[in-house]
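Undergrad: How does the following fold in three dimensions:
(2 chains)
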Amino acid sequence: MDTDYAIIGGGVVGLSVAWGLLQRGLSVTVLDGDDGSFRASRGNFGLVWVQSKGMNQPRYARWSQQSAAIWAGFAEELGDNTGQPVPLEQNGGYDLHFSEETLQATVEKYEILKTQLGGDYPFEVLGHNALRKEEPHIGPKVVGAILHHQDGHANPLKLLKSLAADVRRMGGRVLTGKTVTDVVKPDGFVITCADGTTLGAGKVILSAGLGAAQLGPKMGFKAPIRPQRGQVLITEKLPKLINRPSLIARQVDEGGIQIGATNEEVGHDDRVTQPGLSGLAAEAIAAYPALARAQLVRSWGALRVLSPDGLPIYQQSAKMPGAYLVTCHSGITLAAAHARLLPDWLEGSEAAPNLEVFSEDRFAVS
Amino acid sequence: MKTASPFLELDDAPRVTVTFDGTPLSLPEGANLAAALLAAGVEVFRHTPVSGAPRAPFCMMGACFDCLIEIDGVVRQACMIEVSDGLKISKPHEAQDDPA
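TA: Have a look, this model is predicted:
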């Protein structure tokens, strides 16, 4: 056996889990893809986000809250260990609304979730004038916003960089340019890559994003995940214009304003489209009219990794005990939970979080 | 202002007058604006909005966005513009009344 854990997928999800396992003294080998892989970790919006998640499953809301609550400590430790800080702001975030009806409907859903969470769901509703005091550049078409105090945002590329550095610093092996083609378990696990590399491992974690859809069934998982495209834009670096992030726009620590994001079911196509980008720009300008004069620097598309209900999947394989599927849409938000809490579940310790609702049982045909 | 620029001027086109932060400059008409400003001795095109660090052209091909300048209230890439008569150029986002 070459390693205690082989982790298939070296994005934020795989590296977060690797980091947590290394902290417990386990040996870890991460098998990462190449530049041809779809890499949500390099194309995402960078929110550390609680509101709107788990509207139909409070456990998911709670899991997101747990991660958000320990994110700052996690980021600080990464920065201290590597000398590469992970910029993070958790001063709340907005759900902006252009109509009273959608605002009211959303508030009603949040109230239900708040009750289910025993009241721990700190949000407030800001009318236009109250919002304008917080965000002087907000546009007249924005009727109000839900300000959720557990929301925030990070620099996701610096998170990825710092995570990768710290995994290596702790002795984790990260092999890049690897496409895993097969996983078998004659005794221990044997993993085979397209380039002929083989690796023996005590346990295997499948955290390959969209790649898990192909590899999962070979390992006994349903892995019913699909791509959903999000196109985004980023402006030139600007003086402070936006204080708190929303799903429409956020000003990153370096000054650029990231504008997001489309939700498109277009398969494995991560290109941008003119109508997609125009729509995003128009919405962002409606929210923050000063953006009409901002120069756009880049646009790109990336593919979300979605399960049928949008929740993460944490599942041990029945066919190959010791193999785990770990996949989610919100790898940035959940990075701290994956690093700090998930290893207890993988190791089956007393402190393991209860992740039952995230198993693949929920996809059983009824 | 044509002092010790390390850049050589290649264009021998007719001269036109532009201003950079109010200072008049005589530049070759039709030349690449970023190149012409460098040759005229402009070393700092702008300051970054977050840290205030000075910036000047880097890639000269429209990719890096380091050569941003402001013309008529619009921030643009100097390396993607030709010199024309009467351009009023300033450092972006440094005017007192700039909303963005």
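Undergrad: got the contact list for A:Gly255?
TA: Shown in contact with A:Gly255 (C-beta atoms under 8 Å, 6 or more residues apart in numbering or on different chains): A:Lys237, A:Leu238, A:Pro239, B:Thr48, B:Pro49, B:Val50. Where C-beta positions appear, they are placed from N, C-alpha and C, glycine not excepted.
Undergrad: And the helix or strand harbouring A:Tyr110, what's buried?
TA: Element membership for A:Tyr110 (DSSP states H and E) is helix A:100-116. Buried positions in helix A:100-116, judged by neighbour count with 16 or more other C-beta atoms under 10 Å in any protein chain shown: A:Leu103, A:Thr106, A:Val107, A:Tyr110, A:Leu113, A:Lys114, A:Gln116.
Undergrad: Going toward the C-terminus from that helix, what's the next helix or strand?
TA: Once helix A:100-116 ends, the next helix or strand along the chain (criterion: DSSP H and E) is strand A:123-127.
Undergrad: Relative to that next one, what are the paired strands and their orientations?
TA: Within its sheet, strand A:123-127 is paired with strand A:144-148 (antiparallel), according to DSSP bridges.
Undergrad: got the angle for the helix ranked longest in chain A vs helix A:100-116?
TA: Scanning chain A for the longest helix, with DSSP state H as the assignment, gives helix A:58-82. Angle, helix A:58-82 to helix A:100-116, by axes from the mean of the first three to the mean of the last three C-alpha atoms, to 10 degrees: 90 degrees.
Undergrad: Packing partners of helix A:58-82?
TA: Secondary-structure packing of helix A:58-82 (3 or more C-beta pairs under 8 Å, 6 or more residues apart in numbering or on different chains; DSSP states H and E): strand A:47-48, strand A:88-89, helix A:100-116, strand A:152-154, helix A:156-169, helix A:335-340.
Undergrad: Report the mean confidence score over the second one.
TA: The predicted model assigns strand A:88-89 a mean pLDDT of 98.
Undergrad: what does it contact?
TA: Strand A:88-89 is touched from outside by A:Val48, A:Trp71, A:Ala72, A:Ala75, A:Gly152, A:His153, A:Ala154, A:Asn155, A:Pro245, A:Asp253, with contacts defined as C-beta under 8 Å, 6+ apart.
Undergrad: I'd like the distance from that strand to the chain centre, please.
TA: Here strand A:88-89 is found 15 Å from its chain centre; the criterion is C-alpha atoms, centre = their mean, to the nearest Å.
Undergrad: coming back round to it: taking the buried residues of helix A:100-116, tell me the two that lie furthest apart.
TA: Greatest spacing in those, by C-beta to C-beta: A:Leu103 and A:Gln116 (20.8 Å).
Undergrad: show me the contacts for the residue lying closest to A:Pro245 once chain neighbours are set aside.
TA: In space, and not counting its chain neighbours, A:Pro245 is closest to A:His153: 4.3 Å by C-beta to C-beta, 6 or more residues apart in numbering or on different chains. Neighbouring residues of A:His153 by C-beta under 8 Å, 6+ apart: A:Gly46, A:Leu47, A:Val48, A:Trp49, A:Leu88, A:Glu89, A:Gly93, A:Pro245, A:Arg250, A:Val252.
Undergrad: isn't there a helix covering A:Asp269?
TA: No: using DSSP: H, G, I helix; E, B strand; the rest coil, the secondary structure at A:Asp269 is coil, not a helix.
Undergrad: residues near residue 68, how many?
TA: This is for chain A. Using other C-beta atoms under 10 Å in any protein chain shown, A:Ala68 is surrounded by 20 other residues.
Undergrad: that's the wrong chain, I wanted chain B
TA: For B:Leu68, the count of nearby residues is 23 (other C-beta under 10 Å).
Undergrad: Identify the bridge partners of it.
TA: For B:Leu68, the beta-bridge partners are B:Gln77 (DSSP bridges).
Undergrad: contacting residues around it?
TA: By C-beta under 8 Å, 6+ apart, the contact list for B:Leu68 reads A:Glu236, A:Gln295, B:Phe45, B:Arg46, B:Arg55, B:Val75, B:Arg76, B:Gln77, B:Ala78, B:Pro92.
Undergrad: try 10 Å this time
TA: A:236-237, A:295, A:297, B:45-46, B:48, B:55, B:57, B:75-79, B:91-93 (C-beta atoms under 10 Å, 6 or more residues apart in numbering or on different chains).
Undergrad: Same question for A:Leu355.
TA: Neighbours of A:Leu355 in contact, by C-beta under 10 Å, 6+ apart: A:Arg59, A:Trp63, A:Pro312, A:Ile313, A:Tyr314, A:Gln315, A:Val326, A:Leu341, A:Leu342, A:Trp345.
Undergrad: what's the answer for A:Ile234, then?
TA: A:252, A:254, A:256-260, A:294, A:296-300.
Undergrad: Of those residues, which is the nearest to A:Arg173?
TA: A:Trp300 (29.9 Å).
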